[in-house]
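A.B. asks: My questions concern the predicted model and sequence given below.
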Amino acid sequence: MGILVTRPEESGQVLTEMLNREGIAAIHAPFIKIVAGEQINQLPQKLQQLNAGDCVICVSQYAVYYAEQTLKNTGFSWRTDLSYIAVGRKTAMLLTAATQQPVHYPFAQENSEGVLALPLLQECQQKNILILRGQQGRELLPEQLAQQGANVEMVACYHRELQQLDEKELMLFSRAGIDTIVVTSGEILRYLLDFIPKSEHNWLLNCKLVVISDRIAQLAITAGWQEDKVILTEKADNASLLKAILSFYPHSRDK
């Protein structure tokens, strides 16, 4: 028995260590690497073009990280006359530290739907809204905000690169007794389906999936997982992932 943590970068390694401390065997195998996006150098100019009172929305911690690095490297800083919005609590904390400004976020529903329900965005007609996100991000935010009359621009601050593993490495996960997989993006789910050898798909579809959004859960069910094998966390942070896993997974504190 063991857990495969596919969450990329430091966050995935931290979650793996948290699980290990609970006595749960966990392996960190990030199939995706986060790198700077092709549009990131446009950020300083896009920020300067906004009017006072306009909005900047950061969809993830990676967006904040790469935006902050770019502004520092180019001698620019975050403006103090804009409204800042983050999709989740952790992203809001990072954005607050970077901008030194108040940051709004939907604490009850940390996703795009929650952002759209924020009072700040209920009257956004003729407002300029700059969305900082990853390449190939969800289109819900820009589409809905544009329909409400906002002038929406986006900067792809980062993108995800697949880390190719050979077939033997991928087959090792089933041999190692992995029975639960943490999946934090649709891209990672697609990677599992596309690159795990077909001979191992019976094992793959019998694994429990711990996912961070309804969207990923629905993608998994559509791909063939039974609904009772897809565990949805309350939020997208590591604490919520750990809580969800401890609710069903045997660990040392049970003994």
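C.D. replies: Right, received. Where do you want to start? Residues are numbered from 1 along each chain as shown.
A.B. asks: What residues sit buried inside the least confident helix or strand in the chain by mean pLDDT?
C.D. replies: Least confident helix or strand, the chain: helix 167-175 with a mean of 81, by mean pLDDT, DSSP states H and E. Neighbour-count burial for helix 167-175, counted by 16 or more other C-beta atoms under 10 Å, picks out 170, 171, 173, 174. C-beta: built from backbone N, CA, C; applies to glycine.
A.B. asks: can you check stretch 72-85 too?
C.D. replies: Of the residues in stretch 72-85, 78, 82, 83, 84, 85 count as buried by neighbour count, 16+ other C-beta under 10 Å.
A.B. asks: how near is the second one to residue 158?
C.D. replies: With distances taken as C-beta to C-beta, to the nearest Å, residue 82 is found 21 Å from residue 158.
A.B. asks: for the fourth one, same thing?
C.D. replies: Taking C-beta to C-beta as the measure, residue 84 falls 18 Å from residue 158.
A.B. asks: Same question for residue 151.
C.D. replies: Spatial separation of residue 151 from residue 158 under the definition C-beta to C-beta is 23 Å.
A.B. asks: would a markdown table of the buried residues of stretch 72-85 with distance to residue 5 be doable?
C.D. replies: Shown next, in a markdown table, are the buried residues of stretch 72-85 (distance: C-beta to C-beta, whole Å):
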| residue | distance to residue 5 |
| --- | --- |
| 78 | 32 |
| 82 | 36 |
| 83 | 35 |
| 84 | 30 |
| 85 | 29 |
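A.B. asks: Residues contacting stretch 8-19, please?
C.D. replies: 3, 5-7, 26-28, 30-34, 61-62, 160, 182, 184, 238, 241-242, 245 (C-beta atoms under 8 Å, 6 or more residues apart in numbering).
A.B. asks: on that earlier part again, quick one: which of the buried residues of stretch 72-85 is nearest to residue 99?
C.D. replies: Nearest to residue 99 among those, counting by C-beta to C-beta, is residue 78 at 4.0 Å.
A.B. asks: you'd agree residue 200 is up against residue 172?
C.D. replies: No: distance between residue 200 and residue 172: 10.0 Å, which falls outside the contact criterion (C-beta atoms under 8 Å).
A.B. asks: For the chain, give me the ranges with low pLDDT.
C.D. replies: Counting by pLDDT under 70, the chain contains low-confidence ranges at 252-255.
A.B. asks: quick one: the strands in it?
C.D. replies: For the chain, the strands defined by DSSP state E occupy 2-5, 26-28, 32-36, 55-58, 83-86, 103-104, 128-134, 151-162, 178-183, 208-211, 230-232.
A.B. asks: Most tightly packed of the ones you listed?
C.D. replies: strand 55-58 (a mean of 26; mean count of other C-beta atoms under 10 Å).
A.B. asks: Show residues contacting that one.
C.D. replies: With contacts defined as C-beta under 8 Å, 6+ apart, strand 55-58 is touched by 47, 50, 64, 67, 82-87, 91, 95, 115, 120-121, 124, 127-133, 141.
A.B. asks: Report the separation between the two terminal residues of stretch 101-114.
C.D. replies: For stretch 101-114, the first-to-last residue distance is 21 Å (C-alpha to C-alpha, to the nearest Å).
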